[in-house]
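Asks: curious how this folds, go ahead:
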Amino acid sequence: MFEKIICILFRITTLVFLLGGLTIVAGQAGGIIGGNGEFVTSFEETLAPWAYGAAGVAGLLAFVLMYYHPEADYTGDEHTHNEDADDENHPEQNDSVARHTPEHA
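Replies: Numbers count the residues shown, from 1 in each chain. Model (predicted):
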């Protein structure tokens, strides 16, 4: 239950900081196009604490979530790591290792 709450909060804070960053950049671009320097700085100063704060919270939540899946390799594979299944799913890795092994070792 606790993991699910952390995961939901992580998703929300990640979405908030991504949308906040996008909004900041879009607002600054609009200010630059409009030639209004005051708008550029005030827009960023208004939204930055929310976007940067959400990014910090998302980072901390990601750190906590790592403890729920210590066996994960975080490269896009599933959360469980089974070496036998890995050999079956990625036979090219076995071929690659065999090709790079010195013949006279």
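
Asks: and the longest helix along the chain, what other elements does it pack with?
Replies: Longest helix in the chain by number of residues (criterion: DSSP state H): helix 2-34. Packing contacts for helix 2-34, counted by 3 or more Cβ pairs under 8 Å, 6 or more residues apart in numbering; DSSP states H and E, involve helix 37-66. Yep, even glycine has a C-beta here, placed from its N, CA and C like the rest.

Asks: and the helix it packs on, what other elements does it pack with?
Replies: So helix 37-66, by 3+ Cβ pairs under 8 Å, 6+ apart, packs with helix 2-34.

Asks: buried stuff in the helix it packs on?
Replies: 6, 9-10, 13-14, 16-17, 20-21, 24, 27-28, 31 (16 or more other Cβ atoms under 10 Å).

Asks: re the thing from before, the longest helix of the chain vs helix 37-66, what angle?
Replies: Here the directions of helix 2-34 and helix 37-66 differ by 160 degrees (axes from the mean of the first three to the mean of the last three Cα atoms, to 10 degrees).

Asks: pLDDT below threshold where in the protein?
Replies: For the chain, the stretches with pLDDT under 70 are 72-105.

Asks: one more pass at 50, please.
Replies: Applying pLDDT under 50 to the chain flags the ranges 81.

Asks: using PDB, write out every CA atom in stretch 51-62.
Replies: Taking Å, rounded to 0.1, in the frame of the first residue of the first chain, the C-alpha atoms of stretch 51-62 are listed here in PDB:
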ATOM      1  CA  ALA A  51       8.400  23.300 -10.800                       C
ATOM      2  CA  TYR A  52      11.800  23.000  -9.000                       C
ATOM      3  CA  GLY A  53      10.200  21.900  -5.800                       C
ATOM      4  CA  ALA A  54       8.200  19.200  -7.600                       C
ATOM      5  CA  ALA A  55      11.400  18.000  -9.300                       C
ATOM      6  CA  GLY A  56      13.200  17.700  -6.000                       C
ATOM      7  CA  VAL A  57      10.300  15.800  -4.400                       C
ATOM      8  CA  ALA A  58      10.100  13.500  -7.500                       C
ATOM      9  CA  GLY A  59      13.800  12.800  -7.100                       C
ATOM     10  CA  LEU A  60      13.400  11.800  -3.500                       C
ATOM     11  CA  LEU A  61      10.400   9.600  -4.200                       C
ATOM     12  CA  ALA A  62      12.400   7.900  -7.000                       C
END
